[in-house]
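Participant: With the sequence up front, the predicted model follows.
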Amino acid sequence: MSDLDSYYPVVVIGGGQAGLAMSAQLSRHDIDHVVLEKNSIAHSWKTQRWDAFCLVTPNWQCQLPGFPYAGNDPHGFMLREEIVAYIEDFAKHIAAPVREGVAVVRLWQTDGRFLLETTAGEIAADSVVLAVSGYHVPRIPEFAERLDPAITQIHSSAYRNPDQLPSGEIFVVGSGQSGCQIAEDLHLAGRKVHLAVGSAPRCPRFYRGRDAVDWLDDLGQYDLPVDQHPLREKVRKNANHYLTGRDGGRDIDLRKFALEGMKLYGRLKDARGTTLRLGDDLKTNLDNADRVYNGICSLIDDHIARGGIDAPLTPHYAPVWSPATTPTELDLAAVGITSIIWTTGFRSDWSWVDLPLFDGASYPTHKRGITSVDGAYVIGLPWLYTWGSGRFIGIGRDTGFVADHIVGRRNAVQENATRADGRMLALDAAG
């Protein structure tokens, strides 16, 4: 028997940090609501991160509403279990009305009210907040089906540690944050790694005496609204910069890995049997990543010069290795590769949302989380409003803005109802 009511003023869908932050803001306004989580609180952190996973942003950026990081290592990087504990402790701190194990099967609207078909029954709501991110289904290229079945294939979301893979060499596809960190995890464990390098940029970990994230925060980079970014909404499709918080934090330098024996290739284009077809863009991709790296260094240099800040000089990055040749074909069997890890991201699945709020690319049309459907909201998406929107540091501001809008919408409805009642009373009196 479900303990859910059949009606709530607001239903929040998703029990991760975004949904919980939304709950905290609604509670601040004394708005009755429920948070529906189909699995458990912080589920993706528990199940889609590898054993050695840690944050790539420093702990001080963990700023859930009214619940900042309170540990003794603000410039360190929390491990997976610590991240889960932080989120679970936040849920307890705000007494979030979370119903775990309740999935929303369908969301639609009728007669101005939202209806949710859930695994615990049907619920009605005046407003709904979709706090389910955009990372729903692992994305693996279709040509993966044409690979020799003897080759073990897993998505990054299923990777846990090097020991889960069979003996032999490993091919990692993708050089975004997950790809580079998983490649490093395997490399440090002594596994022979091959990496297909894409167009993801890189960022310095420490520069001129501080974590680069600290400098970028001083520069307001995490507060820059998407409509003021040079790329505007196109920035939402950009890959995140790769670096790591592992062992206290460091750069990820793929060229250094190459010197240590990791094999680097261009982008993976196709596969069949035991043969991979690869692009000849390795040098270009490495050079572009380094260009972004040094561009960030120059940005920090200019900030230091303008402010007359006393900071030690640090040289810009100079390549320690360059590819002499770029193979465009690789026989997996010939080199002893027995496993492939697809660090190729996720695609969105909004099929359960029966509301006209998506664009032609199945992205929710919104402005700062307020969608084109009155009363429906989205939060927790990368670059929802700023670079910080998809991080712990920005979710409080985004959810606060959405909560204020929900309050304004509720007050407007109440005022209209009061006026309507007044008109009816006036008509009754006149009659």
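Facilitator: Nice, thanks for sending it over.

Participant: which other residues reach stretch 356-365?
Facilitator: With contacts defined as CB atoms under 8 Å, 6 or more residues apart in numbering, stretch 356-365 is touched by 130, 134, 236, 348, 350, 366, 371-373, 376, 378, 381. Every C-beta, even on glycine, is put in place using the N, C-alpha and C of the backbone.

Participant: taking the mean pLDDT, what do you get for the strand or helix carrying V407?
Facilitator: Element membership of V407 [criterion: DSSP states H and E] is helix 395-430. The average pLDDT within helix 395-430 is 78.

Participant: possible to save the contacts of stretch 356-365 as TSV with pLDDT, neighbour count and secondary structure?
Facilitator: Listed next are the contacts of stretch 356-365 as TSV, based on pLDDT from 0 to 100; neighbours: other CB atoms under 10 Å; DSSP: H, G, I helix; E, B strand; the rest coil:
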residue	pLDDT	neighbour count	secondary structure
L130	98	29	strand
G134	84	21	coil
R236	82	17	helix
S348	91	18	coil
W350	95	18	coil
H366	94	21	strand
T371	97	20	strand
S372	94	14	coil
V373	96	18	coil
A376	98	23	strand
V378	97	28	strand
L381	93	23	coil
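
Participant: Can you tell me which of those lies closest to L276?
Facilitator: Of all the contacts of stretch 356-365, S348 has the smallest distance to L276: 27.5 Å, by CB to CB.

Participant: what kind of secondary structure is the closest residue to W321 other than its chain neighbours in?
Facilitator: Spatially, and ignoring its direct neighbours in sequence, W321 is nearest to R255 (4.0 Å; CB to CB, 6 or more residues apart in numbering). Assigned with DSSP: H, G, I helix; E, B strand; the rest coil, R255 falls in the helix class.

Participant: In this structure R255 contacts Y317, no?
Facilitator: No - here R255 does not reach Y317: they are 9.3 Å apart, not a contact under CB atoms under 8 Å.

Participant: if I look at the residue nearest to W321, how far off is Q25?
Facilitator: 45 Å (CB to CB, to the nearest Å).

Participant: and these two? which has more neighbours close in?
Facilitator: For R255 versus Q25, the count of surrounding residues by other CB atoms under 10 Å is larger for Q25: 26 against 19.

Participant: Checking my notes, that one in a helix, right?
Facilitator: Yes - assignment of Q25 by three-state DSSP places it within a helix.

Participant: where along the stretch 51-200 of the chain do the helices fall?
Facilitator: 80-93, 177-188 (DSSP state H, counting those that start in this stretch).

Participant: ranking those helices by burial, who's on top?
Facilitator: helix 177-188 (a mean of 23; mean count of other CB atoms under 10 Å).

Participant: Name the residues that touch it?
Facilitator: Counting by CB under 8 Å, 6+ apart, 50, 52-53, 56, 156, 159, 161-162, 170, 172-173, 175, 193, 195, 198, 200, 239-244, 246, 252, 254, 257, 260, 262, 341, 343 sit against helix 177-188.

Participant: can you tell me which of the residues you listed are in strands?
Facilitator: Counted as lying in strands by DSSP state E, out of these, are 170, 172-173, 193, 195, 341.

Participant: Now for S389: which residues touch it?
Facilitator: 380-383, 395, 398.

Participant: go with 7 Å
Facilitator: 381-383, 398 (CB atoms under 7 Å, 6 or more residues apart in numbering).

Participant: Quote the end-to-end distance of stretch 134-147.
Facilitator: With CA to CA, to the nearest Å as the measure, stretch 134-147 spans 28 Å from end to end.

Participant: which outside residues touch it?
Facilitator: Contact with stretch 134-147 is made by 153, 155, 157, 270-272, 342, 344-349, 381, as judged by CB under 7 Å, 6+ apart.

Participant: Domain parsing of the protein, as residue ranges.
Facilitator: According to automatic domain parsing, the chain comprises the domains 7-136+348-419, 139-344.

Participant: which of these is buried the deepest?
Facilitator: Highest mean neighbour count of the domains of the chain: domain 7-136+348-419, a mean of 19 (counted as mean count of other CB under 10 Å).

Participant: Report the residue spans of the stretch 51-200 of the chain with pLDDT below the cut-off.
Facilitator: Applying pLDDT under 70 to the stretch 51-200 of the chain picks out no residues at all.

Participant: From V34, how far out is P204?
Facilitator: The separation that P204 has from V34, given CB to CB, amounts to 43 Å.

Participant: I393 too?
Facilitator: Distance from I393 to V34, counting by CB to CB: 26 Å.

Participant: how about A189, what does it touch?
Facilitator: P162.

Participant: on that earlier part again, hmm, P323 and the residue nearest to W321 touching each other?
Facilitator: No - R255 is beyond contact range of P323, at 9.1 Å (criterion: CB atoms under 7 Å).

Participant: shaky segments in the stretch 201-350 of the chain?
Facilitator: Ranges of the stretch 201-350 of the chain meeting pLDDT under 70: none found.

Participant: For it, which segments count as strands?
Facilitator: 206-207, 210-211, 263-265, 268-272, 275-278, 329-331, 337-342, 346-347 (DSSP state E, counting those that start in this stretch).

Participant: Okay, now the sheet partners of the second one, with direction.
Facilitator: By that I understand strand 210-211. strand 206-207 (antiparallel) (DSSP bridges).

Participant: The fourth one now?
Facilitator: Here strand 268-272 has these sheet partners by DSSP bridges: strand 275-278 (antiparallel).

Participant: what residues does the strand it pairs with touch?
Facilitator: 196, 265-270, 327-332.

Participant: Mind doing that once more with 8 Å?
Facilitator: Under CB under 8 Å, 6+ apart, the answer for strand 275-278 is 171, 196, 265-271, 326-332.
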